[in-house]
Every structure is written in structure tokens, then in C-alpha cells.
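Engineer: can't give you the sequence, but here's the structure:
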Ligand SMILES: NC(=O)c1ccc[n+]([C@@H]2O[C@H](COP(=O)([O-])OP(=O)(O)OC[C@H]3O[C@@H](n4cnc5c(N)ncnc54)[C@H](O)[C@@H]3O)[C@@H](O)[C@H]2O)c1
Ligand SMILES: [Zn+2]
Ligand SMILES: [Zn+2]
């Protein structure tokens, strides 16, 4: 098969790689129908995630079709269309039993394109298939569910739910990239009174309005703290969601919340960040930071199925899976290309049934039919 292989900092190639095969009886093999690229993949390519070893296939977001299952898989069948989440779950460890799948200590958690081969590939091995895959409702397209693999549950769980957004709240979201925009979209599920989006890029702030922000602030040419205070009667926001991952924006979040407010940090920080307890200690604040657990994945799928949530606006670009290298260039140049998410499309829809002919319930590979 072909896949996007990481070869150390700054190096990656779409090239031949061994077909994945079942290793554990709880594994499934999935043919990738749609995949996408995350900001975290760009961090990996800069060498910021040393746990990713050269030779690893990147990618942790996909929709696919199950083509083979291990003997221990009971709830997923060959032919099922599935969402492959960025988080896998062993279902048995202490953390999985508490629905904190991101912390899985039994071999799951964030492993795709990190500790094992990922999903920017024609095929992938999915460990713990029963507890890690989600069947896609028949009425939904790949594109309607693809972003539930990562950005939607991340923004919802780590931003909106950790920040305990309540009806009527003023929510300030700092950073209007895919994560910040997904926070806007999912904050609306809780009917906030006012959503304020803050970013340095006007193009991103325009997107924020399209996604449902009420007010935008460009903190490159406006005093964001003063503006938020003016918008909240001098009190501050009830919730601040940090969706950038730098010290300045985290500090801004801690300054712009009201007494008793909440800061939900989503950004991945690569450098030391100051925590000003000398001013915060008396303000009854709650500050949270976490990795996504994907424990809301099924709920988000139901909301999309019910027409309550539509994430398709994230798909700004479409390319065939074979053009993943070009997609990386496009995504990395988001400031110029205005890319939010690039949808990488696998085998064209018309060829899908053909690819499955003969697959039945057999556990043999039928990949030759797709090549
Ligand atoms: N915690 C998790 O589980 C998790 C999961 C996925 C991503 N993340 C992190 O979330 C963060 C956001 O992800 P993304 O994909 O949206 O990133 P992105 O780079 O696409 O977007 C970041 C946005 O922040 C803006 N920005 C940069 N500096 C700013 C500043 N000083 N003030 C205001 N805005 C500024 C940029 O213009 C951009 O619009 C990243 O740090 C990413 O690594 C965390
Ligand atoms: Zn990601
Ligand atoms: Zn576990």
C-alpha cells in the first residue's frame, strides 16, 4: 500500500509501505476512505514530538471501511463504515473504566501516527476495534463525520465541558484555528449568552463569525483585555478557552475571566508558561488542561445525525489521498491558503462496492481488488 511516512524532522514522503495485518485478535484492518491532517502532525514534522520514531506512518483522523477483523472482535463486522477516532481505548484499564480514554494505560490513548502507524494511508490496523471504532450512521457522509475524529471532541471536551459553559455565559475563545472554531460550534450546544473570538488574523476572525461568534477582537491591534471588560460590564468572561498554545494567550485567558470564572486550556504548550498566582489566588478561579478522551464521540455523531451540528464547513480543501504531500504543503501554508481542514479522499465512492466484493465475513485480505 501507499502511506505518508515520517522520516525525521522536516522529512516525509508518500511512499510504499507494508500492508498492515492483524497482530492481536482484538484488531481490525480498515481501508481509509477519508483522512485529514492535524496541526499536531505539523508539530511532529518539526521534530517537537520525539516519541514519533522515523518510519512511522502519520495521521490520527479517518473514516474507513472494515475489511478484516480479528477473532476476538465481536461488535464490528467486515463491511462496516467506521469513524477511526484519534483516541483508542483498551476498555479495561482503570482510566478506560472511568471514560478517560485519553489516559488509557492498557495500550490505547493517542497512539495512531504517534506510537503506532497512523491513518494517512490506504489501510490501517486499528487496535481494540470493539471499543475504539464507531459505526457511521448510514445517512451521513464521510465528510460529515471526519472531524469527529479529533477537533470536535477536543474542543468540546477540553474546552466547552472542562470550562463548564452554561446557558447565558460569556465565553471568550482565544485562537480561531480549527480548534477554536470547533469550540465556537460546540459551545453553541450550551446556548451561551455571548461568544467572543480573539485572534491575530482577520481571516480567522471572519471564519469565527461564520461559525457563530457574536463579537471578534483582533488582539494584534486592539487591547483584548479592555475590550472583553467593556463587553462584560467590567466583570470579565465566565469562561475563557485557550486554543493557541503560547504563554501570552494563556496569560490573557487568566486575566479576562471574571472572579469565579474558568480557564479551559486546550493549546499544546511547548514552552514554560507563567501562572500568576500572586493575582489569581484570591479570585476563586478554575484552570483545567487535558488531552481529549473522545468520550463524547458517540454523542457528537448523534447530534450531527439529528441535524443539530454541522461540521462540514471545516472542509476547505479536497484532495485525493495520493496527494497527501501536496495537502501538507497546503495545510502548512494556512495563512495564505486559508485552509482549515483538507479532506483526503481514498478510493472513489463508485469503486467502493467493487472493493468489498467477496470480502464477506472472511478474515482474508482482499486488498488486491482496491489497488
Ligand atoms: N489538548 C488537546 O487534546 C489538543 C488536541 C488538538 C490540538 N490541540 C492544540 O490546540 C491548539 C490550536 O490548534 P489549531 O489546530 O486550531 O491551531 P492553529 O495553529 O491552526 O490555530 C491557532 C490560531 O491561533 C492564532 N494565534 C496565534 N498566536 C496568537 C496570539 N498571540 N493571540 C491570538 N491568536 C493567536 C492563529 O492566528 C491561529 O488562527 C494547538 O496548540 C494544538 O496543538 C490540543
Ligand atoms: Zn490532532
Ligand atoms: Zn485503557
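Structural biologist: Okay, I see it. Since the model is a prediction, treat every value here as computed from it, not as a measurement. Ligands and ions are numbered 1, 2, ... in the order given.

Engineer: From now on I want contacts and neighbour counts done on CA atoms only, so please keep to that.
Structural biologist: OK.

Engineer: what about the closest residue to ligand 3 within the stretch 101-250 of the chain, how many residues close to it?
Structural biologist: Residue nearest to ligand 3 within the stretch 101-250 of the chain (C-alpha to the ion): residue 104, separated by 3.6 Å. As a burial measure, the neighbour count of residue 104 was computed by other C-alpha atoms under 10 Å and equals 24.

Engineer: How much space separates it from residue 26?
Structural biologist: Distance, residue 104 to residue 26, using C-alpha to C-alpha, to the nearest Å: 16 Å.

Engineer: circling back: pLDDT at the residue of the stretch 101-250 of the chain closest to ligand 3, what is it?
Structural biologist: According to the per-residue confidence, residue 104 scores 98 in pLDDT.

Engineer: Show me what the host helix or strand of residue 171 is packed up against.
Structural biologist: For residue 171, the host element (DSSP states H and E) is strand 170-174. Identification of packing neighbours for strand 170-174 by 3 or more C-alpha pairs under 8 Å, 6 or more residues apart in numbering; DSSP states H and E yields helix 178-187, strand 194-199, strand 237-242.

Engineer: Please repeat the previous calculation with a cut-off of 6 Å.
Structural biologist: Taking 3 or more C-alpha pairs under 6 Å, 6 or more residues apart in numbering; DSSP states H and E as the contact definition, the neighbouring helices and strands of strand 170-174 are strand 194-199, strand 237-242.

Engineer: Flag every buried residue along the helix or strand just after the first one.
Structural biologist: Meaning strand 194-199. Sequence-wise, the next helix or strand beyond strand 194-199 is helix 202-211, with elements assigned using DSSP H and E. Burial within helix 202-211, assessed by neighbour count using 16 or more other C-alpha atoms under 10 Å, is assigned to 204, 205, 207, 208, 209, 211.

Engineer: same question for helix 202-211, mean pLDDT?
Structural biologist: Per-residue pLDDT over helix 202-211 has a mean of 97.

Engineer: and if you look at stretch 297-317?
Structural biologist: The average pLDDT within stretch 297-317 is 97.

Engineer: And for that stretch, what's in contact with it?
Structural biologist: Contact partners of stretch 297-317, identified using C-alpha atoms under 6 Å, 6 or more residues apart in numbering, comprise 144, 339, 340, 341, 342.

Engineer: Then stretch 34-47?
Structural biologist: 9, 10, 61, 62, 63, 342, 343, 344, 345, 346.

Engineer: among those, which are in strands?
Structural biologist: Cross-referencing those with the strands (criterion: DSSP state E) gives 62, 63, 342, 343, 344, 345 as the overlap.

Engineer: I'd assumed residue 322 was in contact with the last one.
Structural biologist: Going back to what we said before, that points to residue 345. No: checked against C-alpha atoms under 6 Å, the pair residue 345 and residue 322 is beyond contact range at 8.4 Å.

Engineer: between these two, which one's more packed in?
Structural biologist: Comparing residue 345 with residue 322 by other C-alpha under 10 Å, the one with more neighbours is residue 345, at 24 against 20.

Engineer: Next, work out how far apart the more buried one and residue 294 are.
Structural biologist: According to C-alpha to C-alpha, residue 345 and residue 294 sit 23 Å apart.

Engineer: same question, residue 146
Structural biologist: Computed with C-alpha to C-alpha, the distance linking residue 146 and residue 294 is 13 Å.

Engineer: now the helices: where do they sit in the stretch 201-350 of the chain?
Structural biologist: 202-211, 224-231, 247-256, 277-280, 297-305, 324-332, 334-337, 349-356 (DSSP state H, counting those that start in this stretch).

Engineer: Dump these to TSV, plus distance to residue 80.
Structural biologist: Listed next are the helices of the stretch 201-350 of the chain as TSV, based on distance: least, C-alpha to C-alpha, whole Å:
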stretch	distance to residue 80
helix 202-211	32
helix 224-231	48
helix 247-256	42
helix 277-280	51
helix 297-305	16
helix 324-332	25
helix 334-337	34
helix 349-356	11
